[in-house]
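Q: please find the sequence and the predicted model below.
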Amino acid sequence: MSLPHRSKYVVIGAGIHGLSTAYHLAQELKARGKGDGRDIVVLDKTSVGAGASGIACGVIRNNYFQPAMRELMAHSVSVWESDPRTYSYHPVGYMQISPEVMHEGCASIYEQQKVIGYDSVFIEDEKDCANYMKGLFHDWRAQHITSVLHEKRGGYANNMRSLKGLAGKAEAEGVRIHSGIKVEGFRSDNGRRAVTAVLTDQGAVACDYVVVGAGPWIPRIWQMLDLPRAISIKGRDGRLHENVRMWTFWSLQEGTLGVDPSYQRTNDGKLPPVLHVDSDAPLYSVRDGKLITEKMWGIYYKPDFSFGGVQGGAAPYPIESEPEDVRVDPYGPESPDYIVGKDFADMWVSALSHCQKRFEDTLPKYRDEPSGGIGAFTPDNFPVFDVFRDNVYVIADSNHGYKMIGVGQLVAQEICGEKSRLLEPFRFSRYAEGRLHPVSKSPFPWS
Ligand SMILES: Cc1cc2nc3c(=O)[nH]c(=O)nc-3n(C[C@H](O)[C@H](O)[C@H](O)COP(=O)(O)OP(=O)(O)OC[C@H]3O[C@@H](n4cnc5c(N)ncnc54)[C@H](O)[C@@H]3O)c2cc1C
């Protein structure tokens, strides 16, 4: 398939956002009599799923402290539910299990889930939480837990299978996906802001509209679009904070315990919900009994046949270097710089054991293989969905986003002229105007 010299719509990146936008845009154009999938090309410098979407743990949940994030996630969950087979979606549910410091926040999430009709159960009080958890897992033993939010929808999906499913749906609509094409710049004519061509290592593609879904490579594309390296933010204190770095990389810590995935079943033999546990209980090492931390810690885990074990992660850490000094390539497990180390295995498996007795002797089964990956985060760690340079739609999900399969549908509707109420809280202007999202007490930057 040769690269066309012109395409009405050029999508950069064949991850979850690029593919979802391409597929839904093809449908929207057709439904409105404005064209179809043949008007769209997707360009990826490597191939489908070569970025964060292809290595994501795949967790899909609604649990967010920010009302705007919750509404957006509820929409995305309904897109996952619309075609579970093609998206390789497992609707096992999701649980947020928390200590007292997060109790009030989780209670408000539950209340608001009721308002938007998102099915969940909320358990309070240490004893009731322990009983509820033991009703699911006989060996539950986590301490200091005073609230459990059990979301009945959500769960997880298999990363590459879902992307291939999405790519197949897009191609069936006539979208062309070109692998091995690297975008190196943009052309604008006669001093205008709008982009008139995408410049690649294999020639220019003239276009009317560009969609950027570049995941952790967004800082580079942002620079190519001449967008600011640092911005001003009106803080919650009402003061203007100048010169705040636009992008910061975080390194995500994930790994797999090489046990049979069936090792982690509920008492009645079913596949369990994805568990996310935050705790302020002291955490001791299963390796040598030493104290790992007395500060807040958090983990998530699920049995996963695709990863071949119990897979999950812990809180990420920020990479202090300037974004331009961070080597994004080679990406993911191939990176020489950003893969998890031995400390992660000890912390994560010790935390699993803190929660469930069945994991107490499993450290030797931890799969000693490169895992993890990096993500590019915005100044407030929430997504930016907005149009820049008049005709470039940037989907920068601040690493929240494998679960956000529905964003591409909303973006496609916006490209076709509709304004999305769900995307509105994520405009770039929120920084200058001080319309910031509330912040939770979770140890994770994405809760
Ligand atoms: C280890 C890990 C686990 C995660 N787990 C979860 C999870 O459980 N649930 C969840 O919701 N989110 C999770 N995330 C976050 C999620 O994976 C990302 O937010 C999301 O996948 C980003 O999707 P994307 O389409 O924007 O980018 P990507 O999937 O990264 O795709 C970007 C694509 O753009 C291409 N590209 C980049 N630059 C260029 C260029 N110049 N020219 C052409 N092509 C280019 C790349 O090759 C890549 O294929 C996880 C992230 C990591 C790193």
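A: Received it, and whenever you're ready, just let me know what you need. Numbers count the residues shown, from 1 in each chain.
Q: which residues of the stretch 51-200 of the chain lie near the ligand?
A: 51-53, 55-59, 182-183 (Cβ under 6 Å from any ligand atom). From N, CA and C alone the C-beta is placed, and that goes for glycine too.
Q: again, only using 5 Å
A: 51-53, 56-57, 59, 182-183 (Cβ under 5 Å from any ligand atom).
Q: return the closest of these with respect to residue 26.
A: Closest approach between those and residue 26, by Cβ to Cβ: residue 53, at 19.0 Å.
Q: who's in contact with that closest one?
A: 15-17, 159, 163, 215, 402 (Cβ atoms under 8 Å, 6 or more residues apart in numbering).
Q: what do you get for residue 446?
A: By Cβ under 8 Å, 6+ apart, the contact set of residue 446 is 381, 398-400.
Q: farthest from the middle of this protein: give me that residue.
A: Relative to the centre of the chain, and counting by Cα atoms, centre = their mean, the farthest-placed residue is residue 190 at 38.2 Å.
Q: confirm that it sits in a strand.
A: No: in this structure, residue 190 is coil, not part of a strand, as judged by DSSP: H, G, I helix; E, B strand; the rest coil.
Q: what about it, distance to the ligand?
A: 25 Å (Cβ to the nearest ligand atom, to the nearest Å).
Q: now residue 294
A: 27 Å.
Q: surely that residue is in contact with residue 144?
A: No: if you go by Cβ atoms under 8 Å, residue 294 and residue 144 don't touch, sitting 11.4 Å apart.
Q: need the nearest residue in space to the closest residue to the ligand within the stretch 251-400 of the chain, chain neighbours excluded.
A: With Cβ to the nearest ligand atom, the shortest gap between the stretch 251-400 of the chain and the ligand falls at residue 373, namely 3.2 Å. Once flanking residues are discounted, residue 373 sits nearest to residue 332: 4.2 Å by Cβ to Cβ, 6 or more residues apart in numbering.
Q: from residue 53, how far off is that neighbour?
A: 11 Å (Cβ to Cβ, to the nearest Å).
Q: do residue 287 as well
A: Residue 287 is 33 Å from residue 53, by Cβ to Cβ.
Q: farthest pair within the contacts of residue 53?
A: Longest span within those, Cβ to Cβ: 17 and 159, 13.8 Å.
Q: so for these two, which sits in the more crowded spot?
A: residue 17 (30 against 22; other Cβ atoms under 10 Å).
Q: and the pLDDT at that one?
A: Residue 17 carries a pLDDT value of 98.
Q: touching, it and residue 213? I think so.
A: Yes: here residue 17 reaches residue 213: they are 3.5 Å apart, a contact under Cβ under 8 Å.
Q: now do the shared contacts for those two.
A: Common neighbours of residue 17 and residue 213 (Cβ under 8 Å, 6+ apart) are 395, 408.
Q: from the residues of the stretch 51-200 of the chain next to the ligand, which is closest to residue 277?
A: For those, the nearest to residue 277 is residue 59 (13.2 Å; Cβ to Cβ).
Q: flag every buried residue along the helix or strand containing residue 312.
A: Secondary structure from DSSP states H and E places residue 312 in strand 309-318. By 16 or more other Cβ atoms under 10 Å, the buried positions in strand 309-318 come out as 309-316.
Q: next one: stretch 165-173
A: Buried residues in stretch 165-173 (16+ other Cβ under 10 Å): 165-167, 169-171, 173.
Q: which residues are in contact with that stretch?
A: So stretch 165-173 is contacted by 14, 16, 19-20, 22-23, 26-27, 30, 36-37, 40, 42, 48, 83, 85-88, 177, 405 (Cβ under 8 Å, 6+ apart).
Q: if you set the cut-off to 6 Å instead, what comes out?
A: Residues from elsewhere that reach stretch 165-173 (Cβ atoms under 6 Å, 6 or more residues apart in numbering): 19, 22-23, 26, 37, 48, 86-87, 177.
Q: write a PyMOL command that selects only the buried members of those.
A: Buried subset of those, written as a PyMOL selection, criterion 16+ other Cβ under 10 Å:
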select buried, resi 19+22+23+26+37+48+87+177
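Q: narrow the contacts of stretch 165-173 to those in helices?
A: Counting by DSSP state H, the part of those found in helices is 19, 22-23, 26.
Q: list just the nearest of those residues to residue 247.
A: The closest of these, once distances to residue 247 are taken by Cβ to Cβ, is residue 19, at 22.9 Å.
Q: which residues does residue 296 contact?
A: Contacts of residue 296 by Cβ under 6 Å, 6+ apart are 280, 443.
Q: quick one: terminal-to-terminal distance for stretch 354-369?
A: With Cα to Cα, to the nearest Å as the measure, stretch 354-369 spans 23 Å from end to end.
Q: if you could redo that for stretch 305-324, that was the one I meant.
A: So stretch 305-324: terminal residues 37 Å apart, Cα to Cα.
Q: same check on stretch 133-144?
A: 13 Å.
Q: my guess is residue 213 meets residue 16, correct?
A: No: Residue 213 lies out of contact with residue 16 (Cβ atoms under 6 Å); the separation is 7.7 Å.
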